[in-house]
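Participant: Structure for this input, please:
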Amino acid sequence: QFQCVESGGGVVQPGGSLRLSCTASSFRLDSYSIGWFRQAPGKEREGVSAISRDGKITTYEDSVKGRFTISRDNAKNTVYLQMNSLKPEDTAVYYCAAGDFGSYNGVNYYTMDYWGKGTLVTVSS
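Facilitator: Okay, the predicted model is just below:
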């Protein structure tokens, strides 16, 4: 069974930082683009950021631009999401997924095949 595995969530104060990691034990992440998504309580899941297989193309939703950075280390079969200047509204369960992404008329779209179970990020004082 192909499944991503997230780690690195936790509780952080507003303005703080966290780094999430995404890996997989049963397949190579570098065969796929990888996306990060989040779902806040009572809200629908939304895309956050994505990175191409070779790491040369990245995309971010407006709500995290300038604060979050996605990267990958294919030798370690790991994708990271560095989150800085965290806000209470960033509180959510964060998921990574393997698949593809693109943009049409300035709107990002994501087509993901394999998902993780998520890691909880809580931003609170």
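
Participant: Going by neighbour count, list what's buried in stretch 96-115.
Facilitator: For stretch 96-115, burial by neighbour count (16 or more other CB atoms under 10 Å) applies to 96, 97, 98, 100, 101, 108, 110, 112, 114, 115. Glycine gets a C-beta too; all of them are placed from N, C-alpha and C.

Participant: isn't the second one right up against residue 4?
Facilitator: Yes. In terms of CB atoms under 8 Å, residue 97 counts as a neighbour of residue 4; the distance is 6.1 Å.

Participant: shared neighbours, the two?
Facilitator: 34, 114, 115, 116 (CB atoms under 8 Å, 6 or more residues apart in numbering).

Participant: Select from the residues you listed every entry located in strands.
Facilitator: Using DSSP state E, the members of those that fall within strands are 34, 114, 115.

Participant: Report the contact partners of residue 99.
Facilitator: 32, 33, 35, 110, 111, 112, 113, 114.

Participant: Can you pull the phi/psi pair for the residue nearest the centre of the chain?
Facilitator: Nearest to the geometric centre of the chain sits residue 36, at 2.1 Å (CA atoms, centre = their mean). Main-chain dihedrals, residue 36, degrees, to the nearest 10: phi -110, psi 140.

Participant: I'd say it and residue 69 touch.
Facilitator: No. Shown here, residue 36 and residue 69 do not form a contact pair, counting by CB under 8 Å, at 10.8 Å.

Participant: Between those two, which contacts overlap?
Facilitator: With CB under 8 Å, 6+ apart as the test, residue 36 and residue 69 both reach residue 81.

Participant: List the residues that contact residue 67.
Facilitator: Residue 67 touches 83, 84, 85, 86, counting by CB under 8 Å, 6+ apart.

Participant: Show me the strands in this protein, by range?
Facilitator: 5-7, 10-12, 18-23, 33-39, 46-51, 58-60, 68-73, 78-83, 92-104, 107-115, 119-123.

Participant: Residue 74 and residue 27: what is the separation?
Facilitator: 13 Å (CB to CB, to the nearest Å).
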